[in-house]
Structures are given as structure tokens and as C-alpha cells.
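Trainee: Here's my sequence, what's the structure:
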Amino acid sequence: MNAIEVKDLSKTFKVKQKQKGFKGSLKSIFKPKYKDKKAVNKINFTVEKGEILAFIGPNGAGKSTTIKMLTGILFPTSGEVSVIGINPQKNRKELSYKIGTVFGQKEQLWIHLTPYDNFKFFGAIYDIPEQVVEKRIEEYKSIFELDEFINTPVRGLSLGQRMICEIVASLIHEPEILFLDEPTIGLDPVVKEKIRVFIKRLNKEKKTTIFLTSHDVGDIEKLCKRVIIVNDGTIVLDDSMENLKYHYLNKKIVEAKMNTKINLDDVEGITILKDKDYNLKLEVDLTKKTISDAIKLLDPDKIIDINISNTPLETIISSIYKGSKKWKNTYM
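Mentor: Numbers count the residues shown, from 1 in each chain. Modelled structure (predicted):
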């Protein structure tokens, strides 16, 4: 049995229309007009038990709406959903004992309580024996090094500390599926890496299915073997991370500040995106050139500062979306 099965899933919202002018404003109040907006449009996919799936797309693509339907928060307009064999709309309470959710931009912890008290509270909600809760708290305290702040009220924690505690709280009842919506948003690289390592460990040791949405290419690249990309409420790509890496994650952006003005020309595998005063921005195609090649081209002795980053995920998604038909015909 699959962990998640989605068939022809759709969600339509009624959106109030603005009417122009003073009279139009009055009509908007007393006789409002609405139009239908499809947030999710007949999507189909399955997720295997124990899989780590990236479900990604630009803002407004339908990611969060889909998660809310999978977890029973929203009812679909049409279509079918099964999560661990449970219909989220008909049996949301039963499902809640088998899933965990973390929304990076929405708190579930009580901010006036300490993390420890929150964990105990969530344990009580899920009817877990006290000694079992204590054992799990000790386990997670060790993994995440919580000793320093486990007895500090949540309102006094840093963003990274709070996010770690959000994840721990969602795992107290040991769910079969963990839904993560932007779990590393705004976090520093050290905390991001700690969370990624733990997610991989959780998946490997407890076979927890992970359903991940993120704008961070690092999250997707380091955690997932499969990616579903959505745009405008539809799936434009469902493929392996290996294929996505080969065709779209093979470029790096190199930004350098120089101590003198240098003149460069495009060479095969290295494209100049910006050349202004002492600042340069290059795109390096890793299938043709290495980062070392780019640095040699700049002349290391003249570099004051340098930053190397991935191509923004939005750019990758836009590229895939524009060429989605060609991609599907060629690689799927």
C-alpha cells in the first residue's frame, strides 16, 4: 500500500472581485461578485511508504493547499485522497494520530510554555503514556542538543531553536508520515544542516515517509530522490532527483568583487551575467567547466570577495515550466 494516493484532486476557491469607482465599491459591499479560482487542478500522484518526496513550485502554485487537503484541513472540491489508507476528510481525527505537520511560517507551539512543557502537552493530546513521552524527549534532546534551551519559554528562542522544537513536537507521537512545509526557511546554514541530517536519520531508522516543500535547493538536493513540481495548480514534472540534477542543477552562480577592473569574454561553459565596475557575476555550466576554471579566469590574486551559489529554484522551475512539454516528451 502506498503512503499517499491522490486522484484527480482539485480545489476551487471563490474570490471576491473588486469593482471600480465609488458605486462599484458600494456594490462590492452590498452585492459582492465572486469568481472561481482553481488553486489545484486535477492532480494525480502517489508516494511510496518510506519515500522522501519534494513537492515544490513557486509561490501560489498550490503546494500548501495540497498539503492542507492531504492532512484534512481543507476539503477538496473534487477528486480522491488516501493517506495511509485513510480518507483525510472523513477520518481526520484518526489520521492525526498517524501524521505530523510542520509549517515553517506558522507556529504550533504555545509560546508562553517551555519546549519541555510543549512536548509533554503534545504527548498528552496523543494519549501517550508519560514514561514513553519522557523517553522520547530524552532521545530528541540528545539528537538536537536541546539542553541549553529546553526549559526556556518558546517566545525567548531564536528562529532556529524554535523550528527544531516544532519538528520535535510533531514527532512525539512517532507519525508514519511527516509533512514539512518550508522547514528551513530563514535558518542559518548550521541549523539547516542539522535539520537535514535528522530528517535523513528519521527516514532511515524509522522508515518515516517525508513530504517536503521548500524553496531551498539544498533541502531538495540533499534529502530527496524524487521531485514533483507544480505550477498554477497542475503538475508540470514528476521525476527523479537524478534527472533533475543532470538537466537543471548543473549550473552554479559565481559572484566576485575584484580589486581592479578586468575585461572578460564568454568562454564555453562560463557565461558573464554581470560586469560592472569591480563586480562580476558568472554562470558556470558544471558539465563543461569547474568552479576552479571560473576562479582561474577571474585571477585569484585580484579577488577581494567571492560567493558561489545554486541557480535560484524559481529560475529552475520557470525553465521547466516553459519547456514542460519538451521535457516530458524527452525524459519521461
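
Trainee: count of neighbours near the residue nearest to residue 267 when sequence neighbours are not counted?
Mentor: Sequence neighbours aside, residue 297 is the residue nearest to residue 267 in space, at 7.1 Å (criterion: CB to CB, 6 or more residues apart in numbering). (C-beta placed from N, C-alpha, C; glycine too.) Residue 297 sits with 18 neighbouring residues when counted by other CB atoms under 10 Å.

Trainee: now the end-to-end length of stretch 201-215.
Mentor: 22 Å (CA to CA, to the nearest Å).

Trainee: Pull out the buried positions in that stretch.
Mentor: Going by neighbour count (16 or more other CB atoms under 10 Å), the buried part of stretch 201-215 is 202, 203, 208, 209, 210, 211, 212, 213, 214, 215.

Trainee: ditto for stretch 72-90
Mentor: Buried residues in stretch 72-90 (16+ other CB under 10 Å): 72, 74, 76, 77, 79, 81, 82, 83, 84, 86, 88.

Trainee: Check stretch 117-136 too.
Mentor: The neighbour-count check on stretch 117-136 (16+ other CB under 10 Å) flags 117, 118, 119, 120, 122, 123, 128, 133, 136 as buried.

Trainee: returning to that earlier point: out of the buried residues of stretch 201-215, list just those in helices.
Mentor: With DSSP state H as the criterion, helices contain 202, 203 from among these.

Trainee: returning to that earlier point: quick one, what contacts the residue nearest to residue 267?
Mentor: Residue 297 makes contact with 264, 267, 270, 282 under the criterion CB atoms under 8 Å, 6 or more residues apart in numbering.

Trainee: pLDDT, secondary structure and distance to residue 32 added to the buried residues of stretch 117-136, as JSON lines?
Mentor: JSON lines is the format used below for the buried residues of stretch 117-136 (pLDDT from 0 to 100; DSSP: H, G, I helix; E, B strand; the rest coil; distance: CB to CB, whole Å):
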{"residue": "117", "pLDDT": "96", "secondary structure": "helix", "distance to residue 32": "45"}
{"residue": "118", "pLDDT": "95", "secondary structure": "helix", "distance to residue 32": "41"}
{"residue": "119", "pLDDT": "96", "secondary structure": "helix", "distance to residue 32": "45"}
{"residue": "120", "pLDDT": "96", "secondary structure": "helix", "distance to residue 32": "46"}
{"residue": "122", "pLDDT": "95", "secondary structure": "helix", "distance to residue 32": "40"}
{"residue": "123", "pLDDT": "94", "secondary structure": "helix", "distance to residue 32": "45"}
{"residue": "128", "pLDDT": "94", "secondary structure": "coil", "distance to residue 32": "47"}
{"residue": "133", "pLDDT": "95", "secondary structure": "helix", "distance to residue 32": "49"}
{"residue": "136", "pLDDT": "93", "secondary structure": "helix", "distance to residue 32": "49"}
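
Trainee: of these, closest to residue 1?
Mentor: Nearest to residue 1 out of those is residue 128 (CB to CB; 25.0 Å).

Trainee: Roughly how far does the closest one sit from residue 98?
Mentor: According to CB to CB, to the nearest Å, residue 128 and residue 98 sit 14 Å apart.

Trainee: Name the member of the contacts of residue 297 with the most neighbours.
Mentor: residue 282 (25 neighbours).

Trainee: Could you measure from the spatially most central residue of the chain over to residue 34?
Mentor: When CA atoms, centre = their mean is applied to the chain, the residue found nearest the centroid is residue 214 (1.7 Å). Distance from residue 214 to residue 34, counting by CB to CB: 33 Å.

Trainee: Tell me the secondary structure of the residue nearest to residue 267, please.
Mentor: Under DSSP: H, G, I helix; E, B strand; the rest coil, the three-state class of residue 297 is helix.

Trainee: What's the per-residue pLDDT of it here?
Mentor: At residue 297, the model reports a pLDDT of 86.

Trainee: what about it, distance to residue 275?
Mentor: Taking CB to CB, one finds residue 297 at 12 Å from residue 275.

Trainee: can you list residues touching both of those two?
Mentor: What both residue 297 and residue 275 touch, as defined by CB under 8 Å, 6+ apart, is the set residue 264.

Trainee: The residue lying closest to residue 271 once chain neighbours are set aside bridge partners, please.
Mentor: Distance criterion CB to CB, 6+ apart; nearest residue to residue 271, sequence neighbours excluded, is residue 283 at 4.5 Å. Beta-bridge partners of residue 283, counted by DSSP bridges, are residue 253, residue 271.

Trainee: I'd guess residue 34 is in a strand, am I close?
Mentor: Yes. Judged by three-state DSSP, residue 34 forms part of a strand.

Trainee: show me where pLDDT drops low in the stretch 151-300 of the chain?
Mentor: Scanning the stretch 151-300 of the chain for pLDDT under 70 picks out the ranges 248.

Trainee: if we go to 80?
Mentor: Residue ranges of the stretch 151-300 of the chain with pLDDT under 80: 185-186, 215-218, 244-250, 266.

Trainee: What is the burial count for residue 48?
Mentor: Using other CB under 10 Å, residue 48 is surrounded by 12 other residues.

Trainee: Then residue 272?
Mentor: With other CB under 10 Å as criterion, residue 272 counts 14.

Trainee: Cheers, nothing more for now.
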